[in-house]
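Visitor: this one's structure only:
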């Protein structure tokens, strides 16, 4: 009874971990002899009184087992390491399916009362596979290189898949994964030799934003950190990102005034002659325009370089401008002389110019978005 319980637990864990992938891999290994057994079991399922099927099943089962005994070693002789043991386990899983099919069919169980239970053999192959993968993973981890850590992680994942929680494989997987990452530190932003508060910002959002955006981009085997994160986690960076605003210029509010003379011929009536002729009146007006404007610009310089060799992997400047203006007007004279644009300016109302922080924020965001697009499209870490 205990054996049956353990056997059921083993099967449940196996199916839960590997899912439907096992079924397809196992079916690929069906031999002619295997299919004969499954066909006979199916016949007995449909007709438990099929005497011919009952008589043929024991010999068919023994033939399938002998066939598998002869082919397993020879078929995978040239396959090395843990992969060989995984392949062998898949072969014995055919016998596991056969075992389950017979036991679940009362008529087949009568014809073949003691089929061989391959559960121990399968688990043995998985244990051997896990050991092979584990040793290969540890070997690559001992190289103490990023490339070695990447290979180590792949092997350790296979070991953990073969036997979940094998030895200290999960701790080593975490270590290998950490060593396999290229660690990139984004330095604090230099805001044109001033603190970020000089421009009216409440916080230094750009550094944090870049770390979030680049991590969200999900570069393979790359992680991004702020300098504070790197220090607190004792991380030695492989690459460093420097952001430097070499120029931030926010101009004062300029005012320009000018006038435009308007003149128009307005029809005021018609003569009493036959035919009548139009009568025009000349009207004039002077439009006084006040233009208020600001011209601001910024240049963001980005350098990405290797922390050990100091060699640049990326270096570029990203400039942008922000021009703000508004025009208002009043006039003297006859309103009939005004154009549609004159009327728009007369009806326009002066609004307060944008604040220093608002302009600086727009300049920085625009240049940063251009930089981020360039990094996403062209930079390989």
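Guide: Done, it's in. What you see is a predicted model; the values in this text were computed from it and never measured. Residues are numbered from 1 along each chain as shown.

Visitor: buried set for the longest strand belonging to the chain?
Guide: Longest strand in the chain by number of residues, with DSSP state E as the criterion: strand 278-306. Along strand 278-306, the positions that meet the burial threshold by neighbour count (16 or more other Cβ atoms under 10 Å) are 283, 285, 287, 289-290, 292, 294, 296-302, 304-305. To be clear about C-beta, it is placed using only N, CA and C from the backbone, and glycine gets the same treatment.

Visitor: average pLDDT across stretch 155-173?
Guide: When the per-residue pLDDT values of stretch 155-173 are averaged, the result is 96.

Visitor: roughly how far out does it sit from the chain middle?
Guide: Once both centres are worked out by Cα atoms, centre = their mean, to the nearest Å, stretch 155-173 turns out to sit 25 Å from its chain's centre.

Visitor: Just the residues contacting it, thanks.
Guide: Outside of stretch 155-173, the residues that reach it under the criterion Cβ atoms under 8 Å, 6 or more residues apart in numbering are 13, 17-18, 82, 85-86, 126-127, 129-131, 133-134, 136-138, 140-141, 152-153, 176.

Visitor: Same question for stretch 106-118.
Guide: Judged by Cβ under 8 Å, 6+ apart, the contacts made with stretch 106-118 from elsewhere in the structure are 3, 7, 40-41, 44-45, 48-50, 53-55, 57-58, 61, 65, 92-93, 95-96, 98-99, 101-103.

Visitor: Please list only the buried members of those residues.
Guide: Judged by neighbour count, with 16+ other Cβ under 10 Å as the criterion, the buried members of those are 7, 40-41, 44-45, 50, 53-54, 57-58, 61, 65, 92-93, 95-96, 98-99, 101-103.

Visitor: Next step: the residues you listed restricted to helices.
Guide: In helices, judged by DSSP state H, the following of the buried ones among the contacts of stretch 106-118 are found: 7, 40-41, 44-45, 53-54, 57-58, 61, 65, 92-93, 95-96, 98-99, 101-103.

Visitor: Out of the contacts of stretch 155-173, which end up buried?
Guide: Neighbour counting over the contacts of stretch 155-173 (16+ other Cβ under 10 Å) leaves 82, 85-86, 126, 129-131, 133-134, 136-138, 140-141, 152-153, 176 as the buried ones.

Visitor: What are the phi and psi values at the residue most central in space within the chain?
Guide: For the chain, the residue lying nearest the average C-alpha position, counting by Cα atoms, centre = their mean, turns out to be residue 218 (4.0 Å). The phi and psi values for residue 218, taken as degrees, to the nearest 10, are phi 60, psi 60.

Visitor: now do residue 145
Guide: Recorded main-chain torsions at residue 145 are phi -130, psi 160, according to degrees, to the nearest 10.

Visitor: And it, how far from residue 238?
Guide: Residue 145 sits 12 Å away from residue 238, going by Cβ to Cβ, to the nearest Å.

Visitor: Got the domain ranges for the protein?
Guide: 2-176, 182-236, 254-378 (automatic domain parsing).

Visitor: how about a markdown table for those, with distance to residue 245 added?
Guide: Output for the domains of the chain, formatted as a markdown table (distance: least, Cβ to Cβ, whole Å):
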| stretch | distance to residue 245 |
| --- | --- |
| domain 2-176 | 33 |
| domain 182-236 | 5 |
| domain 254-378 | 6 |
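
Visitor: Tell me which of these sits most buried.
Guide: Among those, ranked by average contacts under mean count of other Cβ atoms under 10 Å, first place goes to domain 2-176 (a mean of 17).

Visitor: That domain: how far from the chain's middle?
Guide: Between the mean C-alpha point of domain 2-176 and the mean C-alpha point of its chain there is a distance of 35 Å (Cα atoms, centre = their mean).

Visitor: Same check on stretch 208-227?
Guide: 11 Å.

Visitor: Can you measure across that stretch, start residue to end residue?
Guide: Start to finish, the residues bounding stretch 208-227 are 10 Å apart (Cα to Cα, to the nearest Å).

Visitor: what's it in contact with?
Guide: Stretch 208-227 is contacted from outside by 146, 150, 180-188, 207, 229, 233, 235, 237, 241, 243, 368, 372, 375-376, 381, using Cβ under 8 Å, 6+ apart.

Visitor: Look at the nearest residue to residue 349 once chain neighbours are set aside and give its secondary structure.
Guide: With Cβ to Cβ, 6 or more residues apart in numbering as the measure, residue 328 is the residue that lies nearest to residue 349, at 6.9 Å, once sequence neighbours are left out. In the three-state summary, residue 328 is assigned as strand, counting by DSSP: H, G, I helix; E, B strand; the rest coil.

Visitor: again, but for residue 164
Guide: Note that with three-state DSSP, the state of residue 164 is coil.

Visitor: where's it relative to residue 170, distance?
Guide: Taking Cβ to Cβ as the measure, residue 164 falls 9 Å from residue 170.

Visitor: repeat for residue 254
Guide: Applying Cβ to Cβ, one obtains 66 Å for the distance of residue 254 from residue 170.

Visitor: before we move on, what about residue 72?
Guide: Counting by Cβ to Cβ, the gap from residue 72 to residue 170 is 31 Å.

Visitor: same check, this time on residue 296
Guide: To residue 170, residue 296 is 54 Å away according to Cβ to Cβ.

Visitor: cool, residue 51 as well?
Guide: From residue 51 over to residue 170 the distance is 54 Å, taken as Cβ to Cβ.
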